[in-house]
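Colleague: predicted model, plus sequence, below.
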Amino acid sequence: MLRIHFTDADLVRTRVAAAPDPLWEISASLHRLQSRHGRWAYADWFRATRSRLNSDDFGRIVRTMLLPLMPRAAYFPDFLTPPEASEGLDAGLEAILATPPRRILDEVHLLDRGSGAPDWAPRLAEPELRKELVAALRSYHDTVIAPHTERIQARIEAERTTRARTVLDGGAGAVLDGLGPTLRWRPPVLHTVYPEDRDLHLNGRGILLVPSYFCWGNPVTFGDNTLEPVLIYALNHEPHPTTLPGDLGSGAALAALLGRTRSIVLRAVALGATTSELARAAGVSASSASQHATALRDAGLITSRRHASSVLHSLTPLGAALLRAGTTAGGAPSGA
(Lines give C-alpha, C1' and ligand atoms only; values in the text may rest on other atoms or scores of the structure.)
Protein backbone atom coordinates (compact mmCIF):
# COMPACT_ATOMS: atom_id res chain seq x y z
CA MET A 1 0.00 0.00 0.00
CA LEU A 2 1.22 3.49 -0.90
CA ARG A 3 -0.05 6.39 1.22
CA ILE A 4 0.42 9.90 -0.17
CA HIS A 5 -0.01 12.55 2.51
CA PHE A 6 -1.40 15.93 1.44
CA THR A 7 -1.49 19.29 3.17
CA ASP A 8 -3.75 22.15 2.07
CA ALA A 9 -0.78 23.60 0.18
CA ASP A 10 -0.35 20.28 -1.66
CA LEU A 11 -3.97 20.27 -2.80
CA VAL A 12 -3.50 23.73 -4.28
CA ARG A 13 -0.40 22.55 -6.14
CA THR A 14 -1.93 19.36 -7.55
CA ARG A 15 -1.77 19.43 -11.36
CA VAL A 16 -2.66 17.11 -14.25
CA ALA A 17 -0.07 16.76 -17.02
CA ALA A 18 -1.06 18.20 -20.40
CA ALA A 19 0.74 15.55 -22.45
CA PRO A 20 2.06 12.03 -22.06
CA ASP A 21 5.49 11.67 -20.49
CA PRO A 22 7.46 9.81 -23.20
CA LEU A 23 9.83 8.02 -20.84
CA TRP A 24 7.10 6.90 -18.46
CA GLU A 25 5.16 5.66 -21.50
CA ILE A 26 8.24 3.71 -22.61
CA SER A 27 8.58 2.07 -19.21
CA ALA A 28 4.86 1.32 -18.90
CA SER A 29 4.72 -0.14 -22.42
CA LEU A 30 7.71 -2.37 -21.63
CA HIS A 31 5.75 -3.60 -18.63
CA ARG A 32 2.85 -4.42 -20.95
CA LEU A 33 5.19 -6.66 -22.92
CA GLN A 34 5.99 -8.51 -19.68
CA SER A 35 2.40 -9.22 -18.67
CA ARG A 36 -0.85 -10.48 -20.16
CA HIS A 37 -2.90 -8.28 -17.80
CA GLY A 38 -5.02 -5.83 -19.80
CA ARG A 39 -3.69 -7.05 -23.11
CA TRP A 40 -7.17 -6.70 -24.66
CA ALA A 41 -6.88 -2.92 -24.25
CA TYR A 42 -3.68 -2.82 -26.32
CA ALA A 43 -4.42 -5.61 -28.79
CA ASP A 44 -3.57 -3.62 -31.95
CA TRP A 45 -0.46 -2.12 -30.38
CA PHE A 46 0.72 -5.46 -29.06
CA ARG A 47 0.36 -7.19 -32.42
CA ALA A 48 2.27 -4.43 -34.22
CA THR A 49 4.97 -4.30 -31.54
CA ARG A 50 5.43 -8.07 -31.47
CA SER A 51 5.92 -8.01 -35.23
CA ARG A 52 8.59 -5.32 -34.93
CA LEU A 53 10.31 -7.24 -32.12
CA ASN A 54 10.93 -10.02 -34.60
CA SER A 55 13.46 -7.71 -36.23
CA ASP A 56 16.86 -9.02 -35.15
CA ASP A 57 18.49 -5.71 -34.15
CA PHE A 58 15.45 -4.02 -32.63
CA GLY A 59 14.27 -7.14 -30.80
CA ARG A 60 17.75 -7.79 -29.44
CA ILE A 61 18.05 -4.24 -28.08
CA VAL A 62 14.70 -4.47 -26.33
CA ARG A 63 15.35 -7.91 -24.85
CA THR A 64 18.94 -7.39 -23.76
CA MET A 65 19.00 -3.72 -22.73
CA LEU A 66 15.57 -2.21 -22.06
CA LEU A 67 13.58 -5.04 -20.48
CA PRO A 68 16.31 -5.91 -17.92
CA LEU A 69 16.53 -2.26 -16.82
CA MET A 70 12.76 -1.75 -16.56
CA PRO A 71 11.37 -4.98 -15.13
CA ARG A 72 7.74 -5.20 -14.11
CA ALA A 73 8.69 -5.13 -10.44
CA ALA A 74 8.45 -2.98 -7.34
CA TYR A 75 11.38 -0.86 -8.47
CA PHE A 76 13.35 0.20 -11.52
CA PRO A 77 15.89 3.07 -11.58
CA ASP A 78 14.39 6.53 -11.19
CA PHE A 79 16.99 8.13 -13.45
CA LEU A 80 15.31 6.41 -16.43
CA THR A 81 12.21 8.61 -16.01
CA PRO A 82 13.55 12.10 -15.21
CA PRO A 83 11.09 14.98 -14.64
CA GLU A 84 12.61 16.80 -17.61
CA ALA A 85 10.82 14.34 -19.91
CA SER A 86 7.62 16.29 -19.29
CA GLU A 87 9.16 18.82 -21.70
CA GLY A 88 9.57 16.17 -24.41
CA LEU A 89 11.62 13.13 -25.33
CA ASP A 90 14.76 15.09 -26.20
CA ALA A 91 14.81 16.86 -22.83
CA GLY A 92 14.29 13.58 -21.00
CA LEU A 93 17.09 11.80 -22.86
CA GLU A 94 19.45 14.71 -22.22
CA ALA A 95 18.66 14.42 -18.52
CA ILE A 96 19.54 10.72 -18.59
CA LEU A 97 22.88 11.55 -20.22
CA ALA A 98 23.54 14.17 -17.52
CA THR A 99 22.74 11.87 -14.56
CA PRO A 100 25.61 11.85 -12.02
CA PRO A 101 27.47 8.50 -12.06
CA ARG A 102 27.10 8.09 -8.29
CA ARG A 103 23.33 8.25 -8.55
CA ILE A 104 23.31 5.69 -11.37
CA LEU A 105 25.39 3.25 -9.32
CA ASP A 106 23.16 3.71 -6.27
CA GLU A 107 19.97 3.08 -8.26
CA VAL A 108 21.42 0.11 -10.14
CA HIS A 109 22.31 -1.36 -6.74
CA LEU A 110 18.68 -0.92 -5.63
CA LEU A 111 17.51 -2.67 -8.80
CA ASP A 112 19.95 -5.52 -8.22
CA ARG A 113 18.86 -5.88 -4.61
CA GLY A 114 15.21 -6.00 -5.65
CA SER A 115 14.65 -7.97 -8.84
CA GLY A 116 18.20 -8.30 -10.12
CA ALA A 117 20.23 -6.09 -12.47
CA PRO A 118 22.15 -7.20 -15.56
CA ASP A 119 25.90 -7.59 -15.07
CA TRP A 120 26.64 -4.66 -17.38
CA ALA A 121 24.29 -2.21 -15.61
CA PRO A 122 26.97 -0.56 -13.40
CA ARG A 123 28.76 0.51 -16.59
CA LEU A 124 25.84 2.88 -17.25
CA ALA A 125 27.83 5.26 -15.05
CA GLU A 126 30.15 5.53 -18.07
CA PRO A 127 29.04 8.06 -20.73
CA GLU A 128 29.52 5.71 -23.70
CA LEU A 129 27.16 3.00 -22.51
CA ARG A 130 24.67 5.64 -21.42
CA LYS A 131 24.69 7.00 -24.98
CA GLU A 132 23.86 3.49 -26.23
CA LEU A 133 20.97 3.32 -23.76
CA VAL A 134 19.64 6.71 -24.90
CA ALA A 135 19.85 5.57 -28.53
CA ALA A 136 17.93 2.42 -27.63
CA LEU A 137 15.24 4.40 -25.82
CA ARG A 138 14.86 6.77 -28.79
CA SER A 139 14.64 3.86 -31.23
CA TYR A 140 12.02 2.14 -29.08
CA HIS A 141 9.95 5.32 -28.77
CA ASP A 142 10.11 6.08 -32.48
CA THR A 143 9.21 2.49 -33.39
CA VAL A 144 6.40 1.53 -31.01
CA ILE A 145 5.21 4.68 -29.19
CA ALA A 146 5.33 7.52 -31.72
CA PRO A 147 2.96 5.84 -34.25
CA HIS A 148 0.25 5.95 -31.56
CA THR A 149 0.89 9.54 -30.42
CA GLU A 150 -2.36 10.96 -31.78
CA ARG A 151 -4.51 8.35 -30.06
CA ILE A 152 -2.60 8.75 -26.78
CA GLN A 153 -2.82 12.55 -26.83
CA ALA A 154 -6.55 12.48 -27.59
CA ARG A 155 -7.15 10.19 -24.61
CA ILE A 156 -5.13 12.43 -22.31
CA GLU A 157 -6.94 15.57 -23.49
CA ALA A 158 -10.25 13.84 -22.77
CA GLU A 159 -8.95 12.91 -19.32
CA ARG A 160 -7.90 16.50 -18.60
CA THR A 161 -11.31 17.75 -19.67
CA THR A 162 -12.94 15.38 -17.21
CA ARG A 163 -10.58 16.37 -14.39
CA ALA A 164 -11.07 20.09 -15.07
CA ARG A 165 -14.81 19.72 -14.68
CA THR A 166 -14.27 17.71 -11.52
CA VAL A 167 -12.23 20.56 -10.00
CA LEU A 168 -14.95 23.07 -10.87
CA ASP A 169 -17.65 20.86 -9.39
CA GLY A 170 -15.92 19.53 -6.30
CA GLY A 171 -12.44 20.96 -5.88
CA ALA A 172 -9.03 19.27 -5.95
CA GLY A 173 -10.12 16.63 -3.45
CA ALA A 174 -12.75 15.41 -5.88
CA VAL A 175 -10.04 14.86 -8.50
CA LEU A 176 -8.14 12.61 -6.10
CA ASP A 177 -11.34 10.77 -5.27
CA GLY A 178 -11.93 9.67 -8.86
CA LEU A 179 -8.54 8.62 -10.23
CA GLY A 180 -9.36 4.94 -10.50
CA PRO A 181 -10.53 1.82 -8.71
CA THR A 182 -7.18 1.14 -7.02
CA LEU A 183 -6.99 4.61 -5.43
CA ARG A 184 -8.97 5.82 -2.42
CA TRP A 185 -9.03 9.41 -1.16
CA ARG A 186 -9.40 9.54 2.63
CA PRO A 187 -8.50 13.17 3.41
CA PRO A 188 -5.73 14.08 3.81
CA VAL A 189 -4.25 10.80 2.51
CA LEU A 190 -4.49 9.18 -0.92
CA HIS A 191 -4.27 5.39 -0.59
CA THR A 192 -3.39 3.10 -3.46
CA VAL A 193 -2.47 -0.51 -4.03
CA TYR A 194 1.30 -0.74 -4.45
CA PRO A 195 3.96 -3.47 -4.60
CA GLU A 196 5.48 -2.28 -1.32
CA ASP A 197 4.27 -0.58 1.84
CA ARG A 198 5.42 3.04 2.00
CA ASP A 199 4.44 6.61 2.79
CA LEU A 200 5.05 9.67 0.63
CA HIS A 201 4.78 13.01 2.45
CA LEU A 202 4.40 15.85 -0.04
CA ASN A 203 5.21 18.57 2.51
CA GLY A 204 3.86 21.43 0.41
CA ARG A 205 5.54 20.36 -2.84
CA GLY A 206 2.27 19.36 -4.48
CA ILE A 207 2.10 16.53 -6.98
CA LEU A 208 1.90 16.14 -10.74
CA LEU A 209 -0.72 13.62 -11.81
CA VAL A 210 0.36 12.03 -15.10
CA PRO A 211 -2.32 10.06 -16.96
CA SER A 212 -0.66 7.21 -18.84
CA TYR A 213 -1.96 5.30 -21.82
CA PHE A 214 0.22 2.25 -21.18
CA CYS A 215 0.01 2.15 -17.38
CA TRP A 216 -2.29 -0.66 -16.29
CA GLY A 217 -3.66 -1.29 -12.80
CA ASN A 218 -1.53 0.12 -10.01
CA PRO A 219 -0.18 3.68 -10.29
CA VAL A 220 3.56 4.32 -10.24
CA THR A 221 5.77 6.92 -8.58
CA PHE A 222 9.46 7.49 -7.98
CA GLY A 223 11.24 5.20 -5.56
CA ASP A 224 13.07 8.21 -4.10
CA ASN A 225 10.71 10.31 -1.96
CA THR A 226 13.00 13.34 -2.26
CA LEU A 227 12.37 13.71 -6.01
CA GLU A 228 9.67 16.04 -7.33
CA PRO A 229 6.45 14.09 -6.61
CA VAL A 230 4.61 12.53 -9.53
CA LEU A 231 1.93 9.88 -9.75
CA ILE A 232 1.55 7.97 -13.01
CA TYR A 233 -1.96 6.56 -13.18
CA ALA A 234 -3.84 4.50 -15.73
CA LEU A 235 -6.37 5.91 -18.14
CA ASN A 236 -9.70 4.13 -18.18
CA HIS A 237 -9.61 1.81 -21.19
CA GLU A 238 -12.70 0.63 -22.97
CA PRO A 239 -12.93 -1.72 -25.95
CA HIS A 240 -12.20 0.57 -28.87
CA PRO A 241 -14.36 0.63 -32.01
CA THR A 242 -13.13 -1.18 -35.09
CA THR A 243 -13.66 1.88 -37.29
CA LEU A 244 -10.30 3.14 -38.58
CA PRO A 245 -9.28 6.33 -40.43
CA GLY A 246 -9.22 4.42 -43.71
CA ASP A 247 -12.96 3.77 -43.33
CA LEU A 248 -13.94 7.45 -43.58
CA GLY A 249 -15.40 6.99 -47.03
CA SER A 250 -17.39 3.85 -46.29
CA GLY A 251 -19.85 2.37 -43.82
CA ALA A 252 -23.39 3.25 -42.91
CA ALA A 253 -22.39 4.66 -39.51
CA LEU A 254 -20.18 7.38 -40.99
CA ALA A 255 -22.58 8.08 -43.86
CA ALA A 256 -25.22 8.90 -41.24
CA LEU A 257 -23.00 11.76 -39.97
CA LEU A 258 -23.42 13.84 -43.13
CA GLY A 259 -25.91 16.23 -41.63
CA ARG A 260 -25.76 19.77 -40.25
CA THR A 261 -26.89 18.90 -36.73
CA ARG A 262 -24.33 16.16 -36.22
CA SER A 263 -21.63 18.42 -37.62
CA ILE A 264 -22.50 20.97 -34.92
CA VAL A 265 -22.54 18.25 -32.28
CA LEU A 266 -19.12 16.98 -33.37
CA ARG A 267 -17.67 20.51 -33.22
CA ALA A 268 -19.18 21.03 -29.75
CA VAL A 269 -17.53 17.83 -28.51
CA ALA A 270 -14.09 19.21 -29.44
CA LEU A 271 -13.76 21.00 -26.10
CA GLY A 272 -15.58 18.32 -24.13
CA ALA A 273 -19.31 18.65 -23.60
CA THR A 274 -22.13 17.01 -21.70
CA THR A 275 -25.28 15.82 -23.44
CA SER A 276 -27.22 18.88 -22.27
CA GLU A 277 -24.48 21.17 -23.61
CA LEU A 278 -24.65 19.39 -26.95
CA ALA A 279 -28.41 19.94 -26.98
CA ARG A 280 -27.98 23.68 -26.39
CA ALA A 281 -25.25 23.98 -29.04
CA ALA A 282 -27.33 22.21 -31.68
CA GLY A 283 -30.70 23.63 -30.64
CA VAL A 284 -32.27 20.22 -30.13
CA SER A 285 -33.78 18.31 -27.23
CA ALA A 286 -31.61 16.36 -24.81
CA SER A 287 -32.96 13.06 -26.13
CA SER A 288 -32.13 14.08 -29.69
CA ALA A 289 -28.64 15.17 -28.65
CA SER A 290 -28.17 11.80 -26.98
CA GLN A 291 -29.15 10.02 -30.21
CA HIS A 292 -26.68 12.09 -32.22
CA ALA A 293 -23.96 11.36 -29.66
CA THR A 294 -24.73 7.65 -29.90
CA ALA A 295 -24.33 7.74 -33.69
CA LEU A 296 -21.02 9.57 -33.38
CA ARG A 297 -19.83 7.12 -30.73
CA ASP A 298 -20.87 4.09 -32.81
CA ALA A 299 -18.84 5.53 -35.70
CA GLY A 300 -15.79 5.81 -33.46
CA LEU A 301 -15.67 9.62 -33.55
CA ILE A 302 -16.34 10.36 -29.89
CA THR A 303 -16.03 8.63 -26.57
CA SER A 304 -18.46 9.07 -23.68
CA ARG A 305 -17.80 8.81 -19.97
CA ARG A 306 -20.06 9.32 -16.99
CA HIS A 307 -19.09 12.36 -14.93
CA ALA A 308 -21.09 12.82 -11.72
CA SER A 309 -24.73 12.91 -12.87
CA SER A 310 -23.85 13.78 -16.47
CA VAL A 311 -22.22 12.09 -19.44
CA LEU A 312 -19.14 13.87 -20.81
CA HIS A 313 -18.28 13.40 -24.48
CA SER A 314 -14.77 13.81 -25.97
CA LEU A 315 -13.26 13.36 -29.42
CA THR A 316 -11.40 10.23 -30.41
CA PRO A 317 -8.34 10.56 -32.70
CA LEU A 318 -10.60 9.65 -35.64
CA GLY A 319 -13.11 12.35 -34.66
CA ALA A 320 -10.35 14.92 -34.30
CA ALA A 321 -8.97 13.99 -37.72
CA LEU A 322 -12.40 14.31 -39.35
CA LEU A 323 -13.00 17.65 -37.65
CA ARG A 324 -9.61 18.96 -38.79
CA ALA A 325 -10.36 17.84 -42.33
CA GLY A 326 -13.71 19.64 -42.24
CA THR A 327 -12.10 22.81 -40.91
CA THR A 328 -9.38 22.71 -43.57
CA ALA A 329 -12.04 22.40 -46.23
CA GLY A 330 -13.64 25.60 -44.97
CA GLY A 331 -16.01 24.51 -42.26
CA ALA A 332 -17.83 21.62 -40.68
CA PRO A 333 -19.03 18.78 -42.91
CA SER A 334 -22.52 19.49 -44.18
CA GLY A 335 -25.24 17.61 -45.96
CA ALA A 336 -28.93 17.05 -46.24
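Modeller: The structure has been received and is ready for your questions. Numbers count the residues shown, from 1 in each chain.
Colleague: secondary structure element for residue 180?
Modeller: Under the criterion DSSP states H and E, no helix or strand holds residue 180.
Colleague: who touches it in this structure?
Modeller: 219, 233-234, 236 (CB atoms under 8 Å, 6 or more residues apart in numbering). C-beta: built from backbone N, CA, C; applies to glycine.
Colleague: residue 283: which of those residues is nearest?
Modeller: residue 236 (31.5 Å; CB to CB).
Colleague: next structured bit after the helix with the most length in the chain?
Modeller: Using DSSP state H, we find that the single longest helix of the chain is helix 149-170. Next helix or strand after helix 149-170 toward the C-terminus (DSSP H and E): helix 172-177.
Colleague: pLDDT for the contacts of residue 180 - can I get that in CSV?
Modeller: Compiled in CSV, those are given as follows (pLDDT from 0 to 100):
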residue, pLDDT
219, 89
233, 91
234, 88
236, 75
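Colleague: which of these fall in strands?
Modeller: Counted as lying in strands by DSSP state E, out of the contacts of residue 180, are 233-234.
Colleague: give the ChimeraX command for selecting the buried subset of the contacts of residue 180.
Modeller: Those of the contacts of residue 180 that count as buried under 16 or more other CB atoms under 10 Å are selected in ChimeraX with:
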select :219,233,234,236
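Colleague: now for the contacts of residue 180: which two are most distant?
Modeller: Greatest spatial distance among these (CB to CB): 219 and 236, at 13.1 Å.
Colleague: returning to that earlier point: nearest to residue 18, of the contacts of residue 180?
Modeller: Residue 18 lies nearest to residue 233 out of these, by CB to CB, at 15.1 Å.
Colleague: residue contacts, the residue nearest to that closest one when sequence neighbours are not counted?
Modeller: Excluding its sequence neighbours, the residue lying closest to residue 233 (CB to CB, 6 or more residues apart in numbering) is residue 219, at 4.2 Å. By CB under 8 Å, 6+ apart, the contact list for residue 219 reads 2, 179-180, 182-183, 192, 194, 231-234.
Colleague: per-domain residue ranges of this structure.
Modeller: The chain is divided into the following domains under automatic domain parsing: 2-17+151-234, 22-148, 245-328.
Colleague: now stretch 46-54: how far from the chain's centre is it?
Modeller: Remark: stretch 46-54 is offset 20 Å from the chain centroid, using CA atoms, centre = their mean, to the nearest Å.
Colleague: I misspoke; the intended subject was stretch 76-89.
Modeller: Relative to its parent chain, stretch 76-89 has a centroid offset of 15 Å by CA atoms, centre = their mean.
Colleague: average pLDDT for that stretch, rounded please.
Modeller: Taken as a whole, stretch 76-89 has a mean pLDDT of 94.
Colleague: residue 5 against residue 199, yeah?
Modeller: Yes: here residue 5 reaches residue 199: they are 6.5 Å apart, a contact under CB atoms under 8 Å.
Colleague: list of residues touching stretch 161-174?
Modeller: By CB under 8 Å, 6+ apart, the list of residues contacting stretch 161-174 reads 11-12, 14, 16, 175, 177-178, 185, 187, 209, 271-272, 305, 307-308, 312, 314.
Colleague: in helices only, show me the residues you listed.
Modeller: Those of those lying in helices (DSSP H): 11-12, 175, 177.
Colleague: show me the beta-bridge partners of residue 232.
Modeller: On the basis of DSSP bridges, residue 232 is bridged to residue 210, residue 220.
Colleague: distance of it relative to residue 212?
Modeller: Note on residue 232: its distance to residue 212, by CB to CB, to the nearest Å, is 5 Å.
Colleague: so for the helix or strand where residue 321 lies, mean pLDDT?
Modeller: Here residue 321, judged by DSSP H and E, is contained in helix 317-328. Across helix 317-328, pLDDT averages out at 68.
Colleague: so what pLDDT did the spatially most central residue of the chain get?
Modeller: In the chain, the centroid-proximal residue (CA atoms, centre = their mean) is residue 212; its distance is 2.3 Å. For residue 212, the pLDDT comes out at 92.
Colleague: didn't it look like it was pressed against residue 230?
Modeller: No: applying CB under 8 Å, one finds residue 212 not in contact with residue 230, separated by 10.6 Å.
Colleague: returning to that earlier point: closest one of the contacts of residue 219 to residue 151?
Modeller: In terms of CB to CB, no member of the contacts of residue 219 lies closer to residue 151 than residue 234, at 15.3 Å.
Colleague: now the closest one, nearest residue through space, not along the chain?
Modeller: In this structure, residue 234 finds its nearest non-sequential neighbour in residue 215, 4.3 Å apart by CB to CB, 6+ apart.
Colleague: mind listing what's buried in the host helix or strand of residue 96?
Modeller: For residue 96, the host element (DSSP H and E) is helix 89-97. Applying a neighbour-count criterion of 16+ other CB under 10 Å, one finds 89, 92-93, 95-96 buried in helix 89-97.
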